[in-house]
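# Predicted model, plus sequence, below.
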Amino acid sequence: MATVVLLGTLDTKGEEYGFVRDRLREHGVDVLLVDVGTRPPQIAPDIEASDVAGLDTRQLADRGEAIETMARGAERVARHLHEEGRLQAIAALAGSGGTAIATAAMRALPVGIPKLMVSTMASGDTRPYVGGSDIAMLYPVVDIAGINAVSTRVLSNAAAAIAAMARVEPPPREGRPRVAATMFGVTTPCVTRARERLEELGFEVLVFHATGAGGRSMEAFARDGFLSGVLDVTTTELADDLVGGVLSAGPDRLEAAGEAGLPQVVSLGALDMVNFGPPDSVPERFRGRKLYAHNPTVTLMRTSSDECRELGRRIGRKLAAASGPTALYVPLRGVSAIAVKEGPFYDPRADDALRAGLRDTLSDSVEIHELDMDINDPRFAEAMADRLNELIREER
């Protein structure tokens, strides 16, 4: 029988957890109730809070310290239960503090393990909670505070959903080597053709949307040993990290594959842009810059020559530090669909500065291929895909 781990603060939400536990059992799954509260629980847990924290929870008087301690313990417990085969799915119900604890445990689990977070924080910015994981978040509409007409329906739906996910057996995996690729709307033709080519060559291709979370997810896959290689076409998240856009994947982007020694083929996709929300969300200091409305909710800003030069330097340093075989492909006629000649972000000076920055920091250990075409030319995509195939085969 599949087991759903219910993890939460049973000192404040015992009634609600008891309700969901009973619904789960009605759906034919086992339940392990894990307490991460700091006071006596309202219902009896299967794993007590002191076992999660590794100490007497009465010592955790400070709320911030309690959340950090319980989050670390919850990660450890979740990993242990999964390794023992006692966790087929995990769910939680919480406000902000409980969500921070529960999602830390969820992020510690492999991709594909069902994870459901019923949280009052689910209608806001969920990036701190979800990160690069596959956590499903459900907004409960009312607070997790008692069983009423609204919470009864929402929590019953949550129980039905996670029970069904826990019972589903994943389809058998194919034995093809797995590679990652990064894509953005303005590099889609390139990545689509490269994916098709790699599939023809016998690879399974995982495409990650370079929106911050996508880059972090791809890097996590590289660190965790899921990949045979990386086709990092779209390094645009580095521009957001440098300039202050909304789609940064953090300063460590473009480092995981190199640290893991994976073969990687990299390009400069969409480094011509920084991402913001609707036009009125663009910071005042950028209002005089070249802006482009990608759609009503996304405004793009052209990176300047100085920014491009620094981006080139950063990419060069990251690639020079890689311990695995690395090739850089530079499209001389545009790094995105809108940076080509006649496009709104066409700027030869900025492109020259980007290449100059690369020359400042790249080492001889990195292959450099400058091709007289734009990034979305099918020949560019095929060249990158073919070289990644060669590097992976050589490593094997």
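Everything's here; your move.
# Name the residues of the biggest helix by length in the chain that are buried.
Identified as the longest helix of the chain according to DSSP state H is helix 63-83. Residues 66-67, 69-75, 77-78, 81-82 are the ones in helix 63-83 that count as buried (16 or more other Cβ atoms under 10 Å). Where C-beta positions appear, they are placed from N, C-alpha and C, glycine not excepted.
# Which residues does that helix contact?
5, 7, 32, 34, 36, 38, 47, 49, 51-55, 57, 60, 87, 90, 97, 100-102, 104-110, 113 (Cβ atoms under 8 Å, 6 or more residues apart in numbering).
# Among those, name the buried ones.
Among those, the ones that count as buried by 16+ other Cβ under 10 Å are 5, 7, 32, 34, 36, 38, 47, 49, 52-53, 57, 60, 87, 90, 97, 100-102, 104-109, 113.
# Keep only those of those that are in helices.
Going by DSSP H, the helices hold 49, 52, 53, 97, 100, 101, 102, 104, 105, 106, 107 from the buried ones among the contacts of helix 63-83.
# that older thread, then the longest helix of the chain to PDB, C-alphas only?
Extracted in PDB, the C-alpha atoms of helix 63-83 (Å, rounded to 0.1, in the frame of the first residue of the first chain):
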ATOM      1  CA  ARG A  63      10.500  31.400  16.100                       C
ATOM      2  CA  GLY A  64      13.100  31.900  13.400                       C
ATOM      3  CA  GLU A  65      15.500  29.400  15.100                       C
ATOM      4  CA  ALA A  66      12.600  26.900  15.400                       C
ATOM      5  CA  ILE A  67      11.700  27.100  11.700                       C
ATOM      6  CA  GLU A  68      15.300  26.700  10.600                       C
ATOM      7  CA  THR A  69      15.800  23.700  13.000                       C
ATOM      8  CA  MET A  70      12.600  22.000  12.000                       C
ATOM      9  CA  ALA A  71      13.300  22.600   8.300                       C
ATOM     10  CA  ARG A  72      16.700  20.900   8.500                       C
ATOM     11  CA  GLY A  73      15.200  18.000  10.500                       C
ATOM     12  CA  ALA A  74      12.300  17.700   8.100                       C
ATOM     13  CA  GLU A  75      14.700  17.400   5.100                       C
ATOM     14  CA  ARG A  76      16.600  14.600   6.900                       C
ATOM     15  CA  VAL A  77      13.400  12.700   7.900                       C
ATOM     16  CA  ALA A  78      11.900  13.000   4.400                       C
ATOM     17  CA  ARG A  79      15.000  11.700   2.700                       C
ATOM     18  CA  HIS A  80      15.300   8.900   5.200                       C
ATOM     19  CA  LEU A  81      11.700   7.800   4.800                       C
ATOM     20  CA  HIS A  82      12.100   7.900   1.000                       C
ATOM     21  CA  GLU A  83      15.300   5.800   1.100                       C
END
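# That helix to helix 96-107, inter-axis angle?
Here the directions of helix 63-83 and helix 96-107 differ by 30 degrees (axes from the mean of the first three to the mean of the last three Cα atoms, to 10 degrees).
# Let me know the secondary structure of the most centrally placed residue in the chain.
Nearest to the mean C-alpha position of the chain, counting by Cα atoms, centre = their mean, stands residue 132 at 2.4 Å. Reduced to three states with DSSP: H, G, I helix; E, B strand; the rest coil, the structure at residue 132 is coil.
# How about residue 205?
strand.
# Excluding residues flanking it in the chain, which one is nearest it?
Closest residue in space to residue 205, ignoring its immediate chain neighbours: residue 195 at 4.5 Å, by Cβ to Cβ, 6 or more residues apart in numbering.
# re earlier: and the residue nearest to the centre of the chain, how close does it get to residue 206?
Going from residue 132 to residue 206 by Cβ to Cβ, to the nearest Å gives 12 Å.
# anything in contact with each of these two?
Taking Cβ under 8 Å, 6+ apart as the criterion, residue 132 and residue 206 both touch residue 218.
# what's the helix or strand for the nearest residue to residue 245 once chain neighbours are set aside?
Distances taken as Cβ to Cβ, 6+ apart put residue 274 closest to residue 245, at 3.9 Å, once the chain neighbours are dropped. Using DSSP states H and E, residue 274 sits in strand 273-276.
# right, and the helix or strand after that strand?
Following strand 273-276 toward the C-terminus (DSSP H and E): strand 291-295.
# Against which helices or strands is that next one packed?
Based on contacts counted as 3 or more Cβ pairs under 8 Å, 6 or more residues apart in numbering; DSSP states H and E, the elements that strand 291-295 packs against are strand 298-302.
# Domain-wise, how is this structure divided?
Here the domain assignment for the chain is 3-167, 178-395, based on automatic domain parsing.
# gap between the two ends of the shortest one?
Going back to what we said before, that points to domain 3-167. Its start and end residues considered, domain 3-167 measures 9 Å (Cα to Cα, to the nearest Å).
# show me where the stretch 151-300 of the chain has strands.
178-183, 204-209, 229-232, 264-266, 273-276, 291-295, 298-302 (DSSP state E, counting those that start in this stretch).
# Out of those strands, the one nearest residue 332 is which?
In terms of Cβ to Cβ, the element of the strands of the stretch 151-300 of the chain nearest to residue 332 is strand 264-266, at 15.8 Å.
# hmm, who's touching that closest one?
229-233, 235, 254, 257-258, 315, 319, 322, 324-329, 384-385, 387-388, 391.
# ditto for stretch 215-230
With Cβ under 8 Å, 6+ apart as the criterion, stretch 215-230 contacts 110-111, 131-133, 177-182, 203, 206, 208, 232, 237, 249-250, 252-253, 255-257, 259-260, 262-266, 388, 391-392.
# mind redoing it with 7 Å?
With Cβ atoms under 7 Å, 6 or more residues apart in numbering as the test, stretch 215-230 has contacts from 131-132, 177-180, 182, 206, 208, 237, 249-250, 253, 256-257, 260, 262-264, 388, 391-392.
# gap between the nearest residue to residue 202 once chain neighbours are set aside and residue 395?
Once flanking residues are discounted, residue 202 sits nearest to residue 176: 5.9 Å by Cβ to Cβ, 6+ apart. Separation of residue 176 from residue 395 (Cβ to Cβ): 16 Å.
# Also residue 344?
Counting by Cβ to Cβ, the separation of residue 344 from residue 395 is 40 Å.
# try residue 53
Residue 53 is 43 Å from residue 395, by Cβ to Cβ.
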